[in-house]
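Visitor: below: sequence and its predicted model.
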Amino acid sequence: MLKIGPYEFSSRLLLGTGKYPSLDVQKEAVEASGAEILTFAVRRMNIFSPEQPNFLEQLDLSKYKLLPNTAGAKTAEEAVRIARLAKASGLCDMIKVEVIGCDKTLLPDPIETLKAAEMLLEEGFIVLPYTSDDVVLAKRLEELGCHAIMPGASPIGSGQGIINPLNLSFIIEQANVPVIVDAGIGGPADAALAMELGADGVLLNTAVSGAADPVKMAKAMKLAVEAGRLGYEAGRIPKKRYASASSPMEGMSVV
Ligand SMILES: CC(=O)[C@@H](O)[C@H](O)COP(=O)(O)O
């Protein structure tokens, strides 16, 4: 089980809800993914009828835990305002903190992210910050009390996959809260690698919503996350420089 704060999930794949070709495709892809946590930008909510944000209207929301995110925020104060809005609408007390520090790379602002996380934790939110793959920052966020850490694999929407597996593995190794690899996943192999590295989950959006067949890709991501997790639990063999025969040599006579 993936445990985040007081909540438990059997799926380790978290899915974004943006940029699908249609709401019907979004619904089918969400179902095919098996995801139980769906993230969305609060700025897309219809705040005048918050009981049913229209971009989620096809989904049976009783089946999912919603993870609003603060996309669009560039300062801690903006992120906190957005998070309060999400909480006031009654959707969920979890918040994915996303404070962007650079418009071109969409990489997170570490200082504002840390400030926002601190303020939101004080207000009683379940806080999941989107962060860079900086090992020390990840530790600082955990020490603040964040309920999960979400380091990026590579820039949002880039599909470049895991650029720095070493840093991710350091973050995973030292974390005592779930580590969810977020952003930049391009294909199932990237998701499987994240899980094989020991990540507790993977959050992705563009790889599914932008695929030629989003529903099929959602299924592929589900299987990749499951396979990666199984592989991690099974314990992969260490890499060696030279060959070693796969068949036992004992008992063979050399002629
Ligand atoms: C949906 C969401 O929260 C994104 O901001 C997230 O970071 C996913 O990134 P990709 O679209 O690269 O998967």
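Guide: Received, thanks. It should be emphasised that the depicted structure is a prediction, and the values quoted were computed from it without experimental measurement.
Visitor: count residues in the vicinity of the residue lying closest to Q160 once chain neighbours are set aside, would you?
Guide: Among residues not flanking Q160 along the chain, S154 sits closest, at 3.7 Å (C-beta to C-beta, 6 or more residues apart in numbering). All C-beta spots, glycine's among them, are computed from the backbone N, C-alpha and C. Look at S154: counted by other C-beta atoms under 10 Å, it has 20 neighbours.
Visitor: which SSE is S154 in?
Guide: Assigned by DSSP states H and E, S154 falls within no helix or strand.
Visitor: what does the stretch 101-250 of the chain have sitting close to the ligand?
Guide: I156, G157, D182, A183, G184, I185, L203, L204, N205, T206, A207 (C-beta under 6 Å from any ligand atom).
Visitor: could you look up the SS state of the fifth one?
Guide: So that's G184. coil (DSSP: H, G, I helix; E, B strand; the rest coil).
Visitor: now do the strands in this structure.
Guide: Secondary structure of the chain (DSSP state E): strands at 2-4, 7-9, 13-16, 37-41, 65-69, 94-97, 126-131, 150-151, 180-182, 201-204.
Visitor: out of those strands, flag the one nearest L23.
Guide: strand 37-41 (12.6 Å; C-beta to C-beta).
Visitor: show me what that closest one is packed against.
Guide: Other helices and strands packing on strand 37-41, by 3 or more C-beta pairs under 8 Å, 6 or more residues apart in numbering; DSSP states H and E, are strand 13-16, strand 65-69.
Visitor: check whether the shortest one contacts the ligand.
Guide: Yes. Applying C-beta under 6 Å from any ligand atom, one finds strand 13-16 in contact with the ligand at G16.
Visitor: so what touches that strand?
Guide: Residues outside strand 13-16 that contact it (C-beta atoms under 8 Å, 6 or more residues apart in numbering) are 29-30, 33-35, 37-40, 67, 180, 182, 191, 201-206, 208-209, 218, 221-222, 225.
Visitor: taking the chain, what residue is nearest to the ligand?
Guide: Minimum separation of the chain from the ligand (C-beta to the nearest ligand atom) falls at G16, amounting to 2.7 Å.
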